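[1] give me a model of this one.
(one chain, ligands or ions: 2)
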Amino acid sequence: MVKICCIGAGYVGGPTMAVIALKCPSIEVAVVDISVSRINAWNSDQLPIYEPGLDGVVKQCRGKNLFFSTDVEKHVSEADIVFVSVNTPTKTQGLGAGKAADLTYWESAARVIADVSKSDKIVVEKSTVPVKTAEAIEKILTHNSKGIKFQILSNPEFLAEGTAIQDLFNPDRVLIGGRETPEGQKAVKALKDVYAHWVPEDRILTTNLWSAELSKLAANAFLAQRISSVNAMSALCEATGANVSQVAFAVGTDSRIGPKFLNASVGFGGSCFQKDILNLVYICECNGLPEVAEYWKQVIKINDYQKSRFVNRVVASMFNTVSNKKIAVLGFAFKKDTGDTRETPAIDSHHGEASERGLGCL
Ligand SMILES: NC(=O)c1ccc[n+]([C@@H]2O[C@H](COP(=O)([O-])OP(=O)(O)OC[C@H]3O[C@@H](n4cnc5c(N)ncnc54)[C@H](O)[C@@H]3O)[C@@H](O)[C@H]2O)c1
Ligand SMILES: O=c1ccn([C@@H]2O[C@H](COP(=O)(O)OP(=O)(O)O[C@H]3O[C@H](CO)[C@@H](O)[C@H](O)[C@H]3O)[C@@H](O)[C@H]2O)c(=O)[nH]1
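    Residues are numbered from 1 along each chain as shown. Ligands and ions are numbered 1, 2, ... in the order given. Down below sits the predicted model:
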């Protein structure tokens with residue numbers, strides 16, 4: 001029986017592994033995490049995250065071929081394939097602070113894999129990481145590896161929160177990047193065989209490692225860019241009497257552009273878009289491409305502009321003062337069908353309005 005271990009039982013690790021367990025009854029899947037409370041919740045009736053359809057999937061497999069545990073070392077050492085799905089937030093201090101990805105959690109996961117492995121393993125980057133991370137991970141894993149062979153694959157996740165189960169059941173594509181050596185290609189095939197249990201072969205794309213790593217950052221940058229484009233257009237609509245929904249509809253009916261992701265908003269939120277674009281900007285700067293960095297930075301600048309424009313309009317609509325007024329926020333998460341409030345625009349708008357009246361309560 002093939003054994004999979006996933007390090008990181010979060011928004012990606014939990015649902016992704018639950019779906020692999022459901023679709024591959026012949027594979028044993030263990031999801032491990034250093035957070036005791038998170039693992040306890042995964043083993044209870046109150047899962048730590050809300051995703052439509054997730055409860056049903058977990059209930060069908062948990063205790064059969066899906067296990068949640070804090071015994072990281074045991075499950076890593078027993079696994080044939082180790083997914084790493086830990087958080088990779090923006091660095092808050094040191095070199096690249098405010099832009100670069102913080103790979104502290106990734107590095108400590110890699111060190112555990114190196115320390116406890118007694119057999120050859122495929123290590124899969126599931127987290128979103130900077131391009132070329134696999135090179136660094138390879139160095140950590142092969143240092144003192146006592147003859148154990150590791151193959152690193154990049155298999156970025158494209159699910160969106162709120163539709164995670166649907167996205168995992170029916171992905172637009174699964175992307176697998178590996179080394180272009182016989183051993184690398186063998187590892188790619190082994191991971192492809194896992195997804196082939198339910199994903200049609202023509203939707204499983206294989207590339208080299210760097211293309212897979214970069215494609216994830218590129219996909220998020222393109223998606224966020226569409227939102228900043230329509231949000232920028234919304235400012236011009238408000239100034240001219242055009243209606244942004246009508247403009248977006250008219251633009252989106254061009255089949256070369258397409259209708260999705262053209263909803264004007266208070267700005268995009270969530271734990272991914274801003275972090276991943278900042279990371280992309282930093283990588284461009286490090287590679288001596290300031291013009292390219294500047295281009296992508298503009299997507300974030302427009303997003304910040306949209307958020308402050310929203311606050312200014314709210315305040316202006318109340319005669320330029322919100323003192324002694326009560327403002328209700330309808331929905332605090334960053335989008336519908338999720339309980340996730342990381343980087344929600346509601347926080348920025350709350351801060352904006354609270355600073356305007358000098359009081360911090362809503
Ligand atoms: N949230 C999404 O919708 C989404 C979608 C696609 C990709 N991603 C990417 O996937 C990665 C994970 O995101 P997430 O939202 O699931 O994060 P998360 O914070 O929900 O989960 C990460 C988990 O990893 C655990 N962890 C950290 N270090 C560990 C270690 N050394 N050993 C064991 N466990 C450890 C944490 O305790 C946490 O529970 C990020 O790189 C993110 O950019 C996220
Ligand atoms: O037309 C649109 C679409 C989205 N949003 C906002 O954009 C943000 C992000 O939404 P969405 O992309 O649906 O959610 P995420 O869970 O952040 O998913 C994104 O980030 C994930 C993490 O990398 C990727 O895996 C997904 O493919 C990518 O869609 C939210 O605040 C939305 O309200 C808009 O303002 N207008």
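[2] up against ligand 1, what does the stretch 251-362 of the chain have?
    Residues of the stretch 251-362 of the chain lying near ligand 1 by CB under 6 Å from any ligand atom: 271-272. Where C-beta positions appear, they are placed from N, C-alpha and C, glycine not excepted.
[3] any regions of the stretch 251-362 of the chain where pLDDT drops low?
    For the stretch 251-362 of the chain, the stretches with pLDDT under 70 are 354, 356-362.
[4] what does it have sitting close to ligand 2?
    With the criterion set to CB under 6 Å from any ligand atom, the stretch 251-362 of the chain comes near ligand 2 through 261-263, 265, 268-270, 272-273, 334-335.
[5] just the buried ones from the residues you listed?
    With neighbours counted using 16 or more other CB atoms under 10 Å, those contain these buried positions: 261-262, 265, 268-270, 272-273, 334-335.
[6] tell me the one of these nearest ligand 1?
    The shortest gap between ligand 1 and any of these belongs to C272, at 5.2 Å (CB to the nearest ligand atom).
[7] quick one on the thing from earlier: quick check: the farthest pair among the buried ones among the residues of the stretch 251-362 of the chain next to ligand 2?
    L262 and C272 (18.8 Å; CB to CB).
[8] what about the strands in the protein?
    Applying DSSP state E to the chain gives strands spanning 2-7, 27-32, 66-69, 81-84, 121-125, 150-154, 174-178, 204-208.
[9] columns mean neighbour count, mean pLDDT and distance to V292 on top of those strands, output as JSON lines?
    Shown next, in JSON lines, are the strands of the chain (neighbours: other CB atoms under 10 Å; pLDDT from 0 to 100; distance: least, CB to CB, whole Å):
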{"stretch": "strand 2-7", "mean neighbour count": "23", "mean pLDDT": "98", "distance to V292": "33"}
{"stretch": "strand 27-32", "mean neighbour count": "24", "mean pLDDT": "98", "distance to V292": "37"}
{"stretch": "strand 66-69", "mean neighbour count": "22", "mean pLDDT": "98", "distance to V292": "41"}
{"stretch": "strand 81-84", "mean neighbour count": "26", "mean pLDDT": "98", "distance to V292": "28"}
{"stretch": "strand 121-125", "mean neighbour count": "24", "mean pLDDT": "98", "distance to V292": "23"}
{"stretch": "strand 150-154", "mean neighbour count": "24", "mean pLDDT": "98", "distance to V292": "21"}
{"stretch": "strand 174-178", "mean neighbour count": "24", "mean pLDDT": "98", "distance to V292": "21"}
{"stretch": "strand 204-208", "mean neighbour count": "16", "mean pLDDT": "98", "distance to V292": "21"}
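[10] which one of those lies nearest to ligand 1?
    Of all these, the one in closest proximity to ligand 1, counting by CB to the nearest ligand atom, is strand 2-7 (4.7 Å).
[11] which outside residues touch that closest one?
    Residues external to strand 2-7 that are found in contact with it (CB atoms under 8 Å, 6 or more residues apart in numbering): 13, 16-17, 20, 26-33, 72, 75-76, 78-86, 109, 112-113, 126, 194.
[12] ditto for stretch 268-282
    Outside stretch 268-282, the residues that touch it by CB under 8 Å, 6+ apart are 11, 88-90, 96, 98-101, 128, 130, 161, 216-218, 220-221, 223-224, 227-228, 293, 296-297, 299-300, 303, 334-335, 340, 342-346.
[13] look up how far R256 lies from the residue lying closest to K126 once chain neighbours are set aside.
    Distances taken as CB to CB, 6 or more residues apart in numbering place S85 nearest to K126, at 4.1 Å, with adjacent residues excluded. To R256, S85 is 35 Å away according to CB to CB, to the nearest Å.
[14] of these two, which one has the most company?
    Applying other CB atoms under 10 Å to S85 and R256 shows that S85 carries more neighbours, namely 27 against 4.
[15] let me see the contact set for that one.
    S85 sits next to 6-8, 10, 12-13, 16, 126-127, 157 when contact means CB under 8 Å, 6+ apart.
[16] dump the residue contacts of L66.
    By CB under 8 Å, 6+ apart, the residues touching L66 are 17-18, 21-22, 29, 31, 58.
[17] same question for A293.
    Here A293 is in contact with 281-282, 284-285 (criterion: CB under 8 Å, 6+ apart).
[18] can you name the two of these that sit furthest apart?
    Taking CB to CB, the two most distant members of the contacts of A293 are Y282 and C284; they sit 7.3 Å apart.
[19] now the residue of the stretch 1-150 of the chain found nearest ligand 2: closest residue in space, sequence neighbours ignored.
    The stretch 1-150 of the chain approaches ligand 2 most closely through T128 (5.6 Å), counting by CB to the nearest ligand atom. Once flanking residues are discounted, T128 sits nearest to K216: 5.2 Å by CB to CB, 6+ apart.
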